[in-house]
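> sequence and predicted model, in that order:
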Amino acid sequence: MTWDYFISILIPMLEGSKMTILLFLIAIVLSIPLGFLLTLAVKSSFKTLSWLAQIYIYVMRGTPLLLQLLIICFGLPMIPGIGQYLVLDRFVAACLGFVLNYAAYFAEIFRGGLLAIDKGQYEAAKVLGLNKWQTMTRIVVPQMFRIALPSLANESVTLVKDTALLYAVAVPELLHFAQTAVNRDFTIMPFFVAGAIYLVMTLLLTLFFKWIERRYTFE
């Protein structure tokens, strides 16, 4: 593989990686708060809300993300009567699928974090005269995030790799350009270049989360 050829396949793949990074940012920014809301819904004293949240989490975690993307992109427009109103841009549909799917996983991570908090924390907050809102925002949530941080980091790395599923719904991202180069040039090298780009992205994300973990540790 010559240097000129390497540059010729690298440039389009870097362009495709912009779509990969954009999807990741949208998914992570929206799915984490949605996941936290789902966790609160599961723990709600309103049984119907809790039941619905648990069913949602079970369905989203129990079915493949690829299947969910295909349903949103190609299935919803086929619904009789209302399908014409459910036709979405492929990238928008993919973002919706990722957010809805990963929110369910983050909800379970947050639930585990809440379960790990000692009951004495709630009793201590009550003794100090804190109301429920103050207890949640000042005592519970900071500890929950600290406990859940390693799992959040792992799930975020998985999210980066799952962005390759954009290829299945015809969104031109990193893997799309790698596959195009492979088909055009009859060489496997573009796959290795794409793999290296994914490794760099996951490495940077891992270092970022390790920095956050160290910051929490020393606070």
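Structure received. Numbers count the residues shown, from 1 in each chain.

> so which elements touch the helix or strand containing residue 48?
Residue 48 belongs to helix 47-62 when elements are defined using DSSP states H and E. With contacts taken as 3 or more CB pairs under 8 Å, 6 or more residues apart in numbering; DSSP states H and E, helix 47-62 sits against helix 3-42, helix 90-115. Yep, even glycine has a C-beta here, placed from its N, CA and C like the rest.

> residue 192: which of those is closest?
helix 3-42 (10.3 Å; CB to CB).

> distance of the residue of the chain positioned farthest from its centre relative to residue 141?
Taking CA atoms, centre = their mean, the residue of the chain most remote from its mean C-alpha position is residue 127, at 38.0 Å. Distance, residue 127 to residue 141, by CB to CB, to the nearest Å: 19 Å.

> what about the nearest residue to residue 79 once chain neighbours are set aside, neighbour count?
Spatial nearest neighbour of residue 79, excluding adjacent residues (CB to CB, 6 or more residues apart in numbering): residue 86 at 6.4 Å. Applying other CB atoms under 10 Å, we find 13 residues neighbouring residue 86.

> now do the same contact list for residue 86.
Residue 86 is in contact with 76-77, 79, counting by CB atoms under 8 Å, 6 or more residues apart in numbering.

> how close does it sit to residue 72?
On the measure of CB to CB, residue 86 and residue 72 end up 9 Å apart.

> for residue 86, phi and psi?
Here is the backbone geometry of residue 86 (degrees, to the nearest 10): phi -110, psi 20.

> tell me the pLDDT of it.
As predicted, residue 86 sits at a pLDDT of 89.

> one more: residue 1?
Value for residue 1, per-residue pLDDT: 64.

> begin at 19, not 1, for the rest of this chat.
Happy to do that; since the first residue is 19 now, the last one works out to residue 19.

> just the helices and strands packed on helix 65-80: most buried one?
Mean neighbour count (mean count of other CB atoms under 10 Å) peaks for helix 108-133 among the helices and strands packed on helix 65-80, with a mean of 21.

> now do that helix against helix 21-60, angle only.
Angle, helix 108-133 to helix 21-60, by axes from the mean of the first three to the mean of the last three CA atoms, to 10 degrees: 50 degrees.

> how far out from the middle of the chain is helix 108-133?
Distance, stretch centre to chain centre, for helix 108-133: 6 Å (CA atoms, centre = their mean, to the nearest Å).

> thinking again about what came up before, separation between the residue nearest to residue 97 and residue 195?
29 Å.

> who are the contact partners of residue 102?
Neighbours of residue 102 in contact, by CB under 8 Å, 6+ apart: residue 95.
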